[in-house]
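K.L.:
Pasted the sequence and its predicted model underneath.
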Amino acid sequence: MTYAIGVDFGTTNSVIAFADEKGGVRTVSWPSATGLTQTFRTALMFWRQGRGLGHVAGPEALERAIAAEPTERFIQSFKTHLASRVFTEARLFGQRVTIEDMTSIFLRHLFEAQGGTEVANGAFVAAGRPVVFAGDKPDEALATKRLADSYAAAGLPQAEFAFEPLGAAYWRARNLRRDETVLVADFGGGTSDFALLHFMIGPDGMEAEALGHGGCGVAGDSFDFRLIDHVISPRLGKGATYRSLDKILPLPAYYHASFAQWHQISWLKTPKTLEELRRFAEVSERGAELEALIELIELDLGFELYQTVGAVKAALSSAPEARLTFVRSGVSIDSLVSRVDFEQWIAPDLARIEAALEETLASAKIPADRIDAVFMTGGTSFIPSLRAIFERRFGAQKLHYDNPFQSVAAGLALLAADRRRRAENQNLKRNAASH
């Protein structure tokens with residue numbers, strides 16, 4: 001019987017970890033076209049199936065999205081809408097699919113390769129949630145209710161929520177031999193989250209006291225868009241004008257705003273939108289660039305484009321410059337991107353992250369010199385200018401990096417195991433007292 005489970009339901013990727021009663025932890029793998037993967041893409045693909053809907057998730061959904069079948073509908077990053085009262089549902093092939101439906105369907109697929117959510121029967125489940133949900137005005141109560149309803153509908157009604165950086169903190173603390181005050185900085189796709197904890201060696205093992213938490217809705221996806229907006233979009237007609245009678249007018253901004261997430265590019269692939277773009281291309285001084293944009297949309301090249309951007313972002317973490325080359329059919333982009341420019345583009349995002357960090361420290365009333373260690377996790381933690389914020393604030397010697405993609409789920413599994421042991425010990429004490 002499974003003892004404890006940690007679930008890191010992320011904006012971009014999700015991970016499951018299992019813990020046993022002896023403190024051992026294992027993360028799971030899923031099959032994909034390129035072999036086993038320890039991260040499950042947070043994505044869904046839907047299609048019409050009889051009177052209902054067929055669906056897959058994770059790597060299989062991604063593979064279908066790349067194939068770009070016009071009879072299928074790809075959805076990702078739906079976690080970012082959990083706290084929005086504006087977004088409640090999507091209409092897919094005439095069917096109403098709520099955000100709770102999407103999340104519960106995804107969670108069932110997440111556990112499918114492990115034997116389904118039935119594997120969690122009798123287990124304690126710690127489910128991660130961001131400290132601050134994504135969105136301009138996130139409704140936390142709405143988001144947590146939607147998450148709870150989704151987990152219950154997926155067959156995991158016993159799931160207890162924990163801040164995602166708390167999971168990473170438990171992973172960091174698993175080998176501690178002394179008391180320690182730890183700041184965890186967890187950088188995902190949609191949010192940057194912070195948690196301050198004091199770990200103590202107690203008679204029943206490690207004990208944790210929460211000192212404060214904070215965060216903001218800015219993270220890796222924002223950095224990707226900065227590269228797109230400054231390097232890709234200007235070569236695909238961003239900022240172009242067109243002639244209408246005797247007036248020179250700006251091209252509507254929403255075409256390039258759709259590049260905020262790669263799957264939104266496919267939403268432009270409608271006869272109406274493509275016809276609009278062709279008319280603009282005919283009367284614009286940058287018609288060739290708009291023709292390239294049309295080609296990108298028609299050939300569903302959004303995912304390949306974002307893969308290229310992600311590779312450049314990763315390269316800039318270890319090199320002063322990287323070449324962004326994307327040549328497909330009528331689309332040809334070749335640009336040398338410097339780390340200096342990239343850091344200037346993401347400066348407003350870094351400022352928001354740093355402000356959220358300072359607010360977290362201020363609310364906890366913990367000075368930086370009282371923090372013994374800073375544990376940074378998530379792929380975005382590799383960006384040098386982001387690391388520099390923490391080096392300036394705490395000193396490089398206090399920064400630690402370990403298992404950036406699995407640490408949250410693994411730590412949540414340890415947290416769930418700890419909760420189970422404590423519950424079992426309390427039951428033993430009650431039974432002993434009753435006799």
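P.N.:
Done, it's in. Numbering: from 1, shown residues only.
K.L.:
switch to C-alpha atoms for all contacts and neighbour counts from now on
P.N.:
Will do.
K.L.:
Skip the chain neighbours and tell me the closest residue to Phe326.
P.N.:
Ile333 (5.1 Å; Cα to Cα, 6 or more residues apart in numbering).
K.L.:
meant to ask about Ala68, not that
P.N.:
Per Cα to Cα, 6+ apart, closest to Ala68 is Asp300, 6.5 Å.
K.L.:
Could you verify that the one you found is part of a strand?
P.N.:
No: applying DSSP: H, G, I helix; E, B strand; the rest coil, one finds Asp300 to be coil, outside a strand.
K.L.:
residues contacting it?
P.N.:
66, 68, 265-266 (Cα atoms under 8 Å, 6 or more residues apart in numbering).
K.L.:
how about a cut-off of 10 Å?
P.N.:
Taking Cα atoms under 10 Å, 6 or more residues apart in numbering, we find Asp300 in contact with 65-69, 262-263, 265-269, 294.
K.L.:
Roughly how far does it sit from Gly310?
P.N.:
17 Å (Cα to Cα, to the nearest Å).
K.L.:
By residue count, tell me the biggest helix in the protein.
P.N.:
helix 407-434 (DSSP state H).
K.L.:
helices or strands next to that helix in the packing?
P.N.:
Helix 407-434 sits against strand 4-8, strand 13-19, strand 25-27, strand 124-129, strand 160-163, helix 164-173, strand 205-216, strand 373-377, with contacts defined as 3 or more Cα pairs under 10 Å, 6 or more residues apart in numbering; DSSP states H and E.
K.L.:
Let me have the ones you listed in a markdown table, adding distance to Leu92, mean pLDDT and mean neighbour count as columns.
P.N.:
Below are the helices and strands packed on helix 407-434 laid out as a markdown table (distance: least, Cα to Cα, whole Å; pLDDT from 0 to 100; neighbours: other Cα atoms under 10 Å):
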| stretch | distance to Leu92 | mean pLDDT | mean neighbour count |
| --- | --- | --- | --- |
| strand 4-8 | 27 | 97 | 30 |
| strand 13-19 | 23 | 95 | 24 |
| strand 25-27 | 33 | 93 | 18 |
| strand 124-129 | 27 | 96 | 26 |
| strand 160-163 | 30 | 93 | 18 |
| helix 164-173 | 31 | 86 | 28 |
| strand 205-216 | 31 | 83 | 18 |
| strand 373-377 | 36 | 91 | 24 |
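K.L.:
Using a markdown table, lay out those together with distance to Gln76.
P.N.:
Below are these laid out as a markdown table (distance: least, Cα to Cα, whole Å):
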| stretch | distance to Gln76 |
| --- | --- |
| strand 4-8 | 16 |
| strand 13-19 | 10 |
| strand 25-27 | 23 |
| strand 124-129 | 17 |
| strand 160-163 | 22 |
| helix 164-173 | 20 |
| strand 205-216 | 20 |
| strand 373-377 | 22 |
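K.L.:
so which of those gets nearest Ala185?
P.N.:
For Ala185, the closest of the helices and strands packed on helix 407-434 is strand 373-377, at 4.9 Å, according to Cα to Cα.
K.L.:
And the helices in the stretch 201-350 of the chain?
P.N.:
For the stretch 201-350 of the chain, applying DSSP state H, counting those that start in this stretch gives helices covering 220-227, 254-257, 262-265, 271-282, 287-298, 302-315, 339-345, 347-364.
K.L.:
Which positions within the longest one qualify as buried?
P.N.:
By 16 or more other Cα atoms under 10 Å, the buried positions in helix 347-364 come out as 349-350, 352-354, 356-361, 364.
K.L.:
between it and strand 205-216, how many degrees?
P.N.:
With axes from the mean of the first three to the mean of the last three Cα atoms, to 10 degrees applied, the angle from helix 347-364 to strand 205-216 works out at 130 degrees.
K.L.:
All set now, cheers.
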